[in-house]
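# starting from these lines, generate the structure:
(chains A and B)
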Amino acid sequence: MSKEKCIAMLLAGGQGSRLGALTRNIAKPAVSFGGKYRIIDFALSNCANSGIDTVGVLTQYRPYVLHSYIGTGEAWNLDERGAGVSILPPYATETGGAWYEGTADAVYQNIGYIEGYKPDYVLILSGDQLYRMDYHKMLENHIRHNADLTVSVMPVPWEEASRFGIITQDDDEKILKFTEKPKKPDSNLASMGIYIFNTDLLIEKLKEDHNDPQSEHDFGNNIIPKLLSEGRRLYTFEFNGFWRDVGTIASFHETSMELLGEKPEFDLYAKDFPIMSNASTRPPHYVGPEGDIDDSLVGNGCRVFGSVKHSVLSTDSYVGPRATVVDSILLPGAKVKEGARVVRAILGENSTVEENVTLGSVDVTKDTAVIGDDVVVGKGEE
Amino acid sequence: MAQAIGIITANYSTQNSSMLTDVRPAASLPYAGRYRLIDFPMSNLVNCGVRTVGVVMPYNYRSIIDHIGSGKDWSLDRKNGGLFILPGSAFGSTREGSRFLLRDIDFNRLFLDRATEPYVIVSSSNVIFNMDYDPLIDCHASTGADITIVTRKATCDDPNLSSAWIEDGRVKGMHRGAKYGEDEFLDTFIIKREVLLKALDWYAAVSHLDLFEALAQDFDKVNVMDYQFNGYAASIFTTQGYFRHSMELLDPKIAEELFPEGRPVMTKAHDTPPAKYETGSRVRNSLVSAGSRISGSITGSILGRGVRVERGATVRNSLIGQGVVIESGAIIENAIVDRNNFIPAGTELRGTPEAVLVKEKSPERH
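Model (predicted):
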């Protein structure tokens, strides 16, 4: 693959408001996940592992952590001369400036960036999904079909199909119909929001869409239906691996727990397709003389003096003596002090649960307890 | 930016050759699970703002270069200054006690000539501590000493250490061996760059000597002073010492001194996932590095990256190197298992606390 053949535009500007306290100060793609990662690591690692070395990252909501984390992209081997990661926030021109008003508008506003690289293809990605995918295979599929647009799809359980953008295709993977959240789905192939466009067509359609006052400037709602109605060559690329959109507290908790167990579907340890991250170098974690860890992931720099069961402890978190952590996620630097009990909870970065405080409930009908970054939960506040 | 450049002499082996240092220079010995000895002197320099660091290489430098690379992980990949790989003199030295061979420094005189900083901080990679060098630089500058050596009160008798004879605040001599309470030399000193360049000329005829050996007759002429360090330090010169000091890291207070907030120990970054504990694992009083997967039982031990301890395997009071696999039912006690070893089911490897068993490094497995 020649260098500029396919570049990626990674949408990372969303707030992720359904993650509540976890995205109060940082954008969703910057939220910590899996003990040492941030959510955007998965998309950036996919790019690196697929040989895509030019990635524009579109940011907007609370970008500081995200920007400093991405840096030059060197943590993902993306600091390539003449390529690499570029952070693309909204900007002003001589006629003023505007926020990104939807996924298509965000890319529209950066047509200049795309044209600078003169790629044949543009890959559109989300920065908030967890999966491993070789985009190069998707690109090969796109080229093989001589497609105008390829949409990555995956089969979902029929009963859940009405929550997704559902695609109906023919025997040759050609898209016949695309319905956003159909009441009566006639297919269970869901769009993953991952697209490969021929560059010229993408630019043409984005410009058209920009001038359409009726449009919401969204790829799924506007661009794809438009292309379909014009009879363009739209094809699917079927993906059958682990894919999660950790858009809600419940799915964030559930997906974290899916990393546990003997043979998790998503194997963080697979060497041929590593998930890279811009992690700080911290010492190994320490388990104290009374520490007890069962069925859990534990990051570097943690200190565990109490009991941890079926949980994820991220970098530098702390579990004090006689403290208990069950079915929970401690984000980097979270502290559960002596004698505290934390059950089915998510503790934000550098948050603290004070001595002997009980937080969360085993009752699965209740919401997962969430403590925001830097919050201290004292006695009587639980 | 610090007023000093740094030199690390990574070309000296430990005195007692062992299976651990037969395969690598002491500077690349693994330490505290994920680190190597050279990380500590490198990080001390970088944490006090030194951005020009020369590392004198041994002949078998592959593992050091593999580890430090361009110095990126220590912020030493720079346009100005940065990391300099310095060749050691042809044969280096395995002679007892020599760690700052004049010849090694003279061989790299250009590195000193080109610098503009007034001071040079020189250290070996055999002594592990985490120290703020700023007060050392200030002290050295304010006393006007030619050389200021870093010492501490020796915590035990040890013939492998060196110590200083200090009178009225002046160092009058240095000798091999240290007794409890004596001023143990921590293999680190700061010297005026001009003085170091002059010393290379003065002692050109005896360049096979260590700087302090060469100075032996001249302590009355050259103003050598000492700076007391009160923190934790570990001198790694023997396999037993390596084992004993490694195990000290299981004391959280010592670990905190070696890894304090604000003075991070930097090392080569890896994309290693967090460690994973399976149901039934039992881990007590241990340090576990990233990427390890544990189903067995571990007590009082330190694990490197990516170690696998299978169900029913037992590890007690041992150092386990990177990538070691310990199969079900194996028992490891009082041992150093160097990297990549595969310990088959049912194997027993036992040393005693006084004589640890060393299982040498194994070739890479795929």
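# for chain B, what are the nearby residues on the stretch 51-200 of chain A?
Near chain B, the residues belonging to the stretch 51-200 of chain A are A:Glu74, A:Ala75 when assessed by Cβ under 8 Å from any Cβ of the partner chain. C-beta here means a position set from N, CA and C on the backbone, and glycine is covered the same way.
# can you give me the strands for the stretch 51-200 of chain A?
For the stretch 51-200 of chain A, the strands defined by DSSP state E, counting those that start in this stretch occupy A:54-58, A:84-88, A:92-93, A:96-97, A:121-126, A:129-131, A:149-155, A:165-169, A:175-180, A:189-198.
# again, but for the stretch 201-350 of chain A
Assignment of strands within the stretch 201-350 of chain A using DSSP E, counting those that start in this stretch yields the ranges A:234-238, A:243-245, A:285-287, A:292-294, A:296-298, A:303-304, A:307-309, A:312-313, A:318-319, A:324-326, A:329-330, A:335-336, A:341-343, A:345-347.
# if we can go back for a sec, who wins for proximity to A:Gly291 among the strands of the stretch 51-200 of chain A?
Ranking the strands of the stretch 51-200 of chain A by proximity to A:Gly291 (Cβ to Cβ) places strand A:129-131 first, at 29.0 Å.
# show me what that closest one packs onto, helices and strands only.
Strand A:129-131 is packed against helix A:40-49, strand A:189-198, strand A:243-245, with contacts defined by 3 or more Cβ pairs under 8 Å, 6 or more residues apart in numbering or on different chains; DSSP states H and E.
# which of these sits most buried?
Mean neighbour counts were taken over the helices and strands packed on strand A:129-131 using mean count of other Cβ atoms under 10 Å in any protein chain shown, and the top value, a mean of 25, falls to helix A:40-49.
# using CSV, write out every CA atom in that one.
Below are the C-alpha coordinates for helix A:40-49, written out as CSV (Å, rounded to 0.1, in the frame of the first residue of the first chain):
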residue,chain,number,x,y,z
ILE,A,40,-9.0,6.0,21.6
ASP,A,41,-6.1,3.5,21.9
PHE,A,42,-8.2,0.9,20.1
ALA,A,43,-8.9,2.9,17.0
LEU,A,44,-5.3,4.3,16.9
SER,A,45,-3.8,0.8,17.3
ASN,A,46,-6.1,-0.5,14.6
CYS,A,47,-4.8,2.2,12.3
ALA,A,48,-1.2,1.3,13.2
ASN,A,49,-1.7,-2.4,12.9
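# what helices and strands are in contact with it?
Helix A:40-49 makes packing contacts with strand A:6-11, strand A:54-58, helix A:64-70, strand A:121-126, strand A:129-131 when contacts are defined by 3+ Cβ pairs under 8 Å, 6+ apart.
# give me the residues contacting the helix or strand just after the first one.
Scanning forward in sequence from strand A:6-11 by DSSP states H and E, the next helix or strand is strand A:32-33. Contact with strand A:32-33 is made by A:Arg38, A:Ile39, A:Asp41, A:Leu130, A:Val246, A:Phe252, A:Thr255, A:Ser256, A:Ser314, A:Leu331, A:Pro332, A:Glu349, as judged by Cβ atoms under 8 Å, 6 or more residues apart in numbering or on different chains.
# which one of the residues you listed is nearest A:Tyr69?
The nearest one, if we look at the contacts of strand A:32-33 relative to A:Tyr69 and count by Cβ to Cβ, is A:Arg38, at 6.0 Å.
# so the closest one touches A:Pro29, yeah?
Yes. In this structure A:Arg38 lies within contact range of A:Pro29 using Cβ atoms under 8 Å: 7.0 Å.
# between these two, which one's more packed in?
A:Pro29 (32 against 25; other Cβ atoms under 10 Å in any protein chain shown).
# got the contact list for the more buried one?
A:Ala12, A:Gly14, A:Arg38, A:Ile39, A:Ile40, A:Ala43, A:Leu66, A:Gly127, A:Asp128.
# quick one: B:Arg339 is in a helix?
No. Counting by DSSP: H, G, I helix; E, B strand; the rest coil, one finds B:Arg339 to be coil, located in no helix.
# surely it is in contact with B:Gly304?
Yes. Applying Cβ under 8 Å, one finds B:Arg339 in contact with B:Gly304, separated by 6.6 Å.
# what sits in contact with each of these two?
When contacts are counted by Cβ under 8 Å, 6+ apart, the set common to B:Arg339 and B:Gly304 consists of B:Pro30, B:Gly321, B:Gln322, B:Gly323, B:Val324.
# now the two most distant members of the contacts of A:Pro29.
A:Gly14 and A:Arg38 (14.3 Å).
# can you put the helices and strands packed on helix A:40-49 in CSV and add mean pLDDT and mean neighbour count?
What follows is the helices and strands packed on helix A:40-49, written out as CSV (pLDDT from 0 to 100; neighbours: other Cβ atoms under 10 Å in any protein chain shown):
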stretch, mean pLDDT, mean neighbour count
strand A:6-11, 98, 25
strand A:54-58, 97, 25
helix A:64-70, 96, 18
strand A:121-126, 97, 24
strand A:129-131, 95, 21
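# for chain A, give me the ranges with low pLDDT.
Judged against pLDDT under 70, the low-scoring parts of chain A cover residues A:1-4, A:381-382.
# how many residues are close by B:Arg78?
Number of residues near B:Arg78 (other Cβ under 10 Å) recorded here: 13.
# now do the same contact list for it.
Under the contact definition (Cβ under 8 Å, 6+ apart), the residues listed for B:Arg78 are B:Arg51, B:Gly71.
# quick one: list the elements packing against the helix or strand of chain B with the lowest mean pLDDT.
For chain B, the helix or strand with the lowest mean confidence is helix B:19-22, at a mean of 76 (criterion: mean pLDDT, DSSP states H and E). Secondary structure elements in contact with helix B:19-22, counted by 3+ Cβ pairs under 8 Å, 6+ apart, are absent; no helix or strand qualifies.
# and that helix, which residues are buried?
Across helix B:19-22, burial judged by 16 or more other Cβ atoms under 10 Å in any protein chain shown covers B:Leu20, B:Thr21.
# and for stretch B:118-136?
By neighbour count on 16+ other Cβ under 10 Å, the buried set for stretch B:118-136 is B:119-131, B:133, B:136.
# and B:Leu112, helix, strand or coil?
Using three-state DSSP, the structure places B:Leu112 in helix.
# in stretch B:320-332, which residues are buried?
Going by 16+ other Cβ under 10 Å, stretch B:320-332 has these buried residues: B:Ile320, B:Gly321, B:Gln322, B:Gly323, B:Val324, B:Val325, B:Ile326, B:Glu327, B:Gly329, B:Ala330, B:Ile331, B:Ile332.
# so what's the closest residue to chain A within the stretch 201-350 of chain B up against?
With distances taken as Cβ to the nearest Cβ, the stretch 201-350 of chain B approaches chain A most closely at B:Pro274, which sits 3.4 Å away. For B:Pro274, the contact set (Cβ under 8 Å, 6+ apart) comprises A:34-36, A:268, A:297-300, A:312-314, B:290-291.
# cool, B:Val195 as well?
B:Asp146, B:Ile147, B:Val222.
# what would the residues you listed look like in a markdown table with neighbour count?
As requested, the contacts of B:Val195 are exported to a markdown table (neighbours: other Cβ atoms under 10 Å in any protein chain shown):
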| residue | neighbour count |
| --- | --- |
| B:Asp146 | 20 |
| B:Ile147 | 24 |
| B:Val222 | 18 |
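# wait, which of those is closest to A:Arg62?
Distances from the contacts of B:Val195 to A:Arg62 were compared by Cβ to Cβ; the smallest belongs to B:Ile147, at 51.9 Å.
# could the strands of the stretch 201-350 of chain A be laid out in TSV, adding distance to chain B?
Rendered in TSV, the data for these read as follows (distance: least, Cβ to the nearest Cβ, whole Å):
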stretch	distance to chain B
strand A:234-238	26
strand A:243-245	17
strand A:285-287	5
strand A:292-294	5
strand A:296-298	4
strand A:303-304	7
strand A:307-309	8
strand A:312-313	8
strand A:318-319	11
strand A:324-326	12
strand A:329-330	11
strand A:335-336	14
strand A:341-343	17
strand A:345-347	16
